[in-house]
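In: Just a sequence and a predicted model for now, questions to come.
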Amino acid sequence: MVPRESFSSVAKAELCRDKISRTCCARAEAYGVLLFCNTFLPSEIRIVTTSEPVAKRLQRLFRRAFQISFDQRPKEMLQGGKYVFSIIDPDKLSTILDTYGYGKDQLSHHVNYAVLEDSCCQAAFFRGAFLAGGSILDPQKRYHLEFATSHYHVAREIQPLMAELELAPKTVVRGASYVTYFKQSEAISDFLTTIGAPLAAMEIMNTKLEKNIYNKVNRRSNCDMANLDKAVAAAQKQISTIQRLRQSSLWDTLPDTLRLTAVLRVENPELPLSQLAELGGISKSCLNHRLRKLTELAGSCD
Ligand SMILES: [Zn+2]
């Protein structure tokens, strides 16, 4: 069997089909990539990805955003399925740093909100963040989408941007990484739609729907089982009552109708009352009445 492609790579491939149109958005997306990639220092940029569509998009993106190409481009996939891109050329680095208003000695990055004023740019920024530092679990298993950065301030300063997009992720520190994550299916779906992956978003909601239906069916059959158990227990009680009557002297004094009903019950212990009544050619309330009468009589022979 061919293993199913991971949900992360499916979502990323969908995001990469989005056209890179406006320069403002290209810069915002590249900004997200840089702040959530492996290394973003004044002396070196290093981006590692396992996704082929991401590898292709990165080159177009950096050309569009900064008119530069990577110093090191992967000619082919490295072992372990990784593509490694890097920039060490000082001129290229300063072009990039200037774009975001960063100085050459700046080591700790803050989010430059001026680059992310328009909502188109904010969505592009988070698309870049997810492409470079994000992952999502298969919704069949669990609802979880996250992206990680090594920059402390960045993890905090993206919160107001998220709020502007009406999203409220949580954060956690994992080793040297600051992880922003969503655990609710609706939030994950909203986020994916916002950053340009509506198909992946729909798959999340469809999975949720399927799970709901499955749970409902399960609950219903549990409920049916409980009812069945109750009916069986009631029948058993009626049968043991009838046995007691049979062993007593009262049995021979019973009218035929009651005796027939008793035999009917004992011979068909598995039938619910409605079917038992049908079998005996009487109404359910009549059957009920007779069974109650039998119980009463059995009580009197104690
Ligand atoms: Zn824009």
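Out: Looks like it arrived, so ask away.

In: Near the ion, which residues of this protein? Just list them.
Out: Taking Cβ under 5 Å from the ion as the measure of proximity, the chain contacts the ion at 22, 24-25, 118, 120-121. All C-beta atoms are positioned from the backbone trio N, CA, C, and that covers glycine.

In: now with 6 Å?
Out: Neighbours of the ion within the chain, by Cβ under 6 Å from the ion: 22, 24-25, 28, 118, 120-121, 124.

In: Going through the residues you listed, which ones are buried?
Out: Buried by 16 or more other Cβ atoms under 10 Å: 24-25, 28, 121, 124, out of the residues of the chain next to the ion.

In: quick one: low-confidence ranges for the chain?
Out: Applying pLDDT under 70 to the chain flags the ranges 1-4, 75-80, 107, 302.

In: Strands along that one, start to end?
Out: 39-40, 45-49, 83-87, 134-136, 145-149, 170-174, 177-182 (DSSP state E).

In: Name every strand pairing with the shortest one and say which way it goes.
Out: The reference is to strand 39-40. Applying DSSP bridges, strand 39-40 is found paired with strand 45-49 (antiparallel).

In: to the chain's geometric centre, what's the distance from the strand it pairs with?
Out: How far strand 45-49 lies from its chain's middle: 29 Å, per Cα atoms, centre = their mean, to the nearest Å.

In: residues touching L228, list them.
Out: Residues near L228 by Cβ atoms under 8 Å, 6 or more residues apart in numbering: none.

In: So L35 sits against F130, correct?
Out: No. If you go by Cβ atoms under 8 Å, L35 and F130 don't touch, sitting 11.7 Å apart.

In: anything in contact with each of the two?
Out: With the criterion set as Cβ under 8 Å, 6+ apart, the contacts of L35 and F130 do not overlap.

In: If you drop the residues flanking it in sequence, what lies closest to Y102?
Out: H109 (7.0 Å; Cβ to Cβ, 6 or more residues apart in numbering).

In: The one you found: how many residues sit nearby?
Out: Neighbourhood size, H109 [other Cβ atoms under 10 Å]: 20.

In: give me the number of residues near the closest residue to V173 other than its chain neighbours?
Out: Nearest residue to V173, sequence neighbours excluded (Cβ to Cβ, 6+ apart): V179, at 7.3 Å. V179 has 18 neighbouring residues, counting by other Cβ under 10 Å.

In: ok, V179 - contacts?
Out: Contacts of V179 (Cβ under 8 Å, 6+ apart): 146-148, 155, 171-173.

In: Would you reformat those residues as a markdown table and include neighbour count?
Out: Below are the contacts of V179 laid out as a markdown table (neighbours: other Cβ atoms under 10 Å):
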| residue | neighbour count |
| --- | --- |
| E146 | 22 |
| F147 | 27 |
| A148 | 21 |
| A155 | 23 |
| T171 | 13 |
| V172 | 12 |
| V173 | 11 |
